[in-house]
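S.K.: Starting from these lines, generate the structure:
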Amino acid sequence: MPKQIIKKYYKFFIEKIKPKTRLDNYLIEKLPRMYTRSIIHKIIILGNVYINKNKIIKKKYNLKKKDIIEIYNLYIKKAKWFLKSEKIKINIIYEDEYLLIINKQFNSVVHPGTSHPKGTILNGIKCYLEKPKIPFKIPFKIPFKIPLKKPYLANRIDKETSGLILVGTDENILKNLSKQFTLNLIKKKYIALVNGNLEKNNLTISSNIRRNRNKKYNMDISKFRGKVCLSTFQVIERLKYITVLKCRLYTGRTHQIRVHLKQLGHPIFNDKKYGGDQILCKKKIINHIIKTSNFIALHANSLELIHPIFRNKIKSNSIIPYQIYLLIKLMT
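M.R.: Purely as a prediction, here's the structure:
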């Protein structure tokens with residue numbers, strides 16, 4: 001695929017800046033979102049960035065007040081990408097000609113990326129869809145090719161979590177499901193185990209969540225920036241050191257439940273990124289689980305939607321995994 005030339009010239013004049021601010025960190029905040037950190041590093045190394053009309057190749061260059069930054073010849077090189085089919089076990093809850101609902105297990109990656117190029121759920125779904133489903137055996141070869149279906153993810157969940165995933169087999173199906181998500185027609189509920197004891201039985205949180213690249217948290221709460229996110233929480237059971245919650249999302253921001261529960265001061269159990277590994281429990285087995293395991297006690301257990309073709313309601317439920325069930329038993 002050829003290079004996509006971005007015919008834009010960027011110029012920034014620094015009026016106020018914190019001391020020891022790096023060039024790459026400054027450009028990440030100022031340039032559009034399509035320019036990731038790796039792309040910005042390539043732009044600097046290729047010599048497309050000038051500060052006070054001097055070419056700068058160092059990404060760790062410290063900016064100063066009244067510096068003038070100019071950027072020329074920006075481009076994004078798009079590489080070819082093909083989804084490979086692999087034989088992977090997938091737990092299918094619902095299936096028809098147009099969509100699939102899959103129950104994802106802990107520590108399984110949903111879609112391939114740079115860190116996980118293969119062995120994902122999407123690779124397994126493609127292998128499953130490529131097999132023609134013929135109800136009877138044919139003694140001869142079919143003289144024509146059966147059109148193959150492709151998987152299109154309508155939603156995704158984190159690697160460390162578990163639960164239901166919605167997959168379409170056509171682009172038009174995917175567009176319909178995306179509209180249902182934006183119009184809040186798809187009801188998705190979670191079961192979460194959080195640290196501590198929540199006093200109120202029902203809680204509603206609305207706050208702005210933005211992507212934070214400077215801190216250790218991927219997402220963070222902001223007063224003015226970010227997208228408005230709404231979540232509701234209902235207490236199911238209070239145990240010794242944790243509380244079992246039913247969570248409902250009305251918006252679909254990354255790490256939304258995890259960030260909102262951290263904001264409440266009750267992070268999800270074993271969520272090490274948002275402080276869930278800090279629990280006041282003297283049981284050795286609980287401390288052993290936190291040190292040795294990578295799962296987060298969050299499970300997408302319910303999914304309700306309107307079928308894109310048949311227009312009937314579909315409701316799917318999944319049982320909580322044994323890791324969460326074991327934690328509940330240990331805490332009672």
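S.K.: quick one: contacts for L198?
M.R.: Counting by C-beta atoms under 8 Å, 6 or more residues apart in numbering, L198 touches 233, 235, 238, 243, 245, 264, 266. (Glycine included, C-beta is placed from N, CA and C.)
S.K.: name the element the closest residue to Y94 other than its chain neighbours belongs to?
M.R.: Computed as C-beta to C-beta, 6 or more residues apart in numbering, the closest residue to Y94 that is not its neighbour in sequence is I101, at 4.0 Å. With elements taken from DSSP states H and E, the one containing I101 is strand 99-104.
S.K.: what about that strand, distance to the chain center?
M.R.: Relative to the mean C-alpha coordinate of its chain, strand 99-104 is positioned 16 Å out (C-alpha atoms, centre = their mean, to the nearest Å).
S.K.: what pairs with it, and is each one parallel or antiparallel?
M.R.: strand 91-95 (antiparallel), strand 162-168 (antiparallel) (DSSP bridges).
S.K.: Of all these, which one is nearest Y50?
M.R.: Shortest distance between Y50 and the strands paired with strand 99-104, using C-beta to C-beta, is found for strand 162-168: 46.1 Å.
S.K.: which outside residues touch the closest one?
M.R.: Counting contacts by C-beta under 8 Å, 6+ apart, the residues outside strand 162-168 that touch it are 93, 98-106, 110, 121, 125, 151-157, 174, 176-177, 186, 188, 190, 295, 298-303, 305, 308, 316, 318, 321.
S.K.: How about stretch 92-111?
M.R.: Residues outside stretch 92-111 that contact it (C-beta under 8 Å, 6+ apart): 90-91, 116, 119-122, 125, 128, 151, 153-154, 156-157, 159-170, 173, 177, 294-295, 303, 307-309, 314, 316, 318, 321, 323.
S.K.: Mind giving me the ChimeraX command for buried ones among those residues?
M.R.: For selection in ChimeraX, the members of those meeting the burial criterion (16 or more other C-beta atoms under 10 Å) are listed in this command:
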select :90,120,121,122,125,128,151,153,154,156,157,159,160,161,162,163,164,165,166,167,168,169,170,173,177,295,303,308,314,316,318,321,323
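S.K.: Filter the contacts of stretch 92-111 down to just the ones in helices.
M.R.: When helices are assigned by DSSP state H, the members of the contacts of stretch 92-111 inside them are 121-122, 125, 128, 173, 177, 323.
S.K.: got TSV for the residues you listed, with distance to P19 and pLDDT too?
M.R.: Converted to TSV, those look like this (distance: C-beta to C-beta, whole Å; pLDDT from 0 to 100):
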residue	distance to P19	pLDDT
I121	46	93
L122	45	92
I125	50	93
Y128	55	90
I173	52	93
L177	48	94
Q323	46	89
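S.K.: Of those residues, which is the nearest to K284?
M.R.: Q323 (17.4 Å).
S.K.: Would you agree the closest one is in contact with S293?
M.R.: Yes: between Q323 and S293 there is a contact at 7.5 Å, judged by C-beta atoms under 8 Å.
S.K.: Mind checking the strands paired with strand 99-104 for the one nearest to K64?
M.R.: Ranking those by their distance to K64 (criterion: C-beta to C-beta) puts strand 162-168 first, at 48.4 Å.
S.K.: ok, now which ones touch M331?
M.R.: Contact analysis of M331 by C-beta under 8 Å, 6+ apart lists 239-242.
S.K.: Tell me the buried residues in the host helix or strand of I39?
M.R.: When elements are defined using DSSP H and E, I39 is found to belong to helix 37-45. Of all the residues in helix 37-45, those buried under the rule 16+ other C-beta under 10 Å are 39-40, 42-44.
S.K.: What are the contacting residues of it?
M.R.: Applying C-beta under 8 Å, 6+ apart, the contact partners of helix 37-45 are 23-24, 27-28, 31, 35, 49, 56-59, 71, 74, 76, 213.
S.K.: Got a quick ChimeraX command for the buried subset of these?
M.R.: With 16+ other C-beta under 10 Å as the criterion, this ChimeraX line picks the buried residues out of these:
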select :23,24,27,28,31,35,49,56,59,71,74
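S.K.: which of the contacts of helix 37-45 lies closest to N201?
M.R.: Proximity of those to N201 (C-beta to C-beta) peaks at R213, which lies at 36.6 Å.
S.K.: Which parts of this protein are helices?
M.R.: Here the chain has its helices, by DSSP H, at 23-30, 37-45, 121-130, 171-182, 256-264, 284-292, 322-331.
S.K.: and those helices as CSV, adding distance to I17?
M.R.: Formatted as CSV, the entries for the helices of the chain read as follows, by distance: least, C-beta to C-beta, whole Å:
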stretch, distance to I17
helix 23-30, 8
helix 37-45, 17
helix 121-130, 42
helix 171-182, 38
helix 256-264, 28
helix 284-292, 40
helix 322-331, 47
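S.K.: mean pLDDT lowest for which of the ones you listed?
M.R.: Mean pLDDT is lowest for helix 284-292 out of those, coming in at a mean of 77.
S.K.: Quick check: pLDDT value at the nearest residue to Y190 once chain neighbours are set aside.
M.R.: Once its chain neighbours are removed from consideration, Y190 has its nearest residue in C247; the separation is 4.0 Å (C-beta to C-beta, 6+ apart). According to the model's per-residue confidence, C247 sits at a pLDDT of 96.
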